[in-house]
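K.L.:
just coords:
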């Protein structure tokens, strides 16, 4: 949580990759522990079912845009996307609803990692002590960013140290 906003707001492909690897790894570790019987689903997780269902629908919507579909189906669902694909290929047989499927796939990976981070927070912040540590982490991260930004602005450097 402390790391996520630091590398330029995690607004670079290398920062996304680090974030995704960490979150997917943490989730796999949690799943392994759950499978071994060391972890359990929390009451908060059960209460969050409606939002988790909405997140699941949202992820499905993004993933659906990356799936190659028959061209006539894309013409019916999104004539604009079909016309864009027709510009690149003379007689396309398949096309995606996304005009830039690679960018959509990157957004899908980031979205999955954000949803998994939300799920991990629901599953791991079970006690008031953990919630307090999470709050301390977020406040310290914000304080660090504010001090760092102030130093960069006041010294006139204007860029980043690293």
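P.N.:
Noted; the coordinates are in hand. On a predicted model such as this, the values are computed, not experimentally measured, just so you know.

K.L.:
Can you list the buried residues in stretch 15-24?
P.N.:
15-16, 19-20, 23 (16 or more other C-beta atoms under 10 Å). For glycine as for every other residue, the C-beta is placed from the backbone atoms N, C-alpha and C.

K.L.:
what do you get for stretch 76-88?
P.N.:
By neighbour count on 16+ other C-beta under 10 Å, the buried set for stretch 76-88 is 78, 81-82, 85.

K.L.:
Including pLDDT, distance to residue 94 and secondary structure, could the residues you listed go into JSON lines?
P.N.:
Formatted as JSON lines, those follow (pLDDT from 0 to 100; distance: C-beta to C-beta, whole Å; DSSP: H, G, I helix; E, B strand; the rest coil):
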{"residue": "78", "pLDDT": "90", "distance to residue 94": "14", "secondary structure": "coil"}
{"residue": "81", "pLDDT": "86", "distance to residue 94": "12", "secondary structure": "helix"}
{"residue": "82", "pLDDT": "85", "distance to residue 94": "11", "secondary structure": "helix"}
{"residue": "85", "pLDDT": "83", "distance to residue 94": "9", "secondary structure": "helix"}
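
K.L.:
Adding distance to residue 56, write the residues you listed out as a markdown table.
P.N.:
What follows is those, written out as a markdown table (distance: C-beta to C-beta, whole Å):
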| residue | distance to residue 56 |
| --- | --- |
| 78 | 22 |
| 81 | 24 |
| 82 | 27 |
| 85 | 28 |
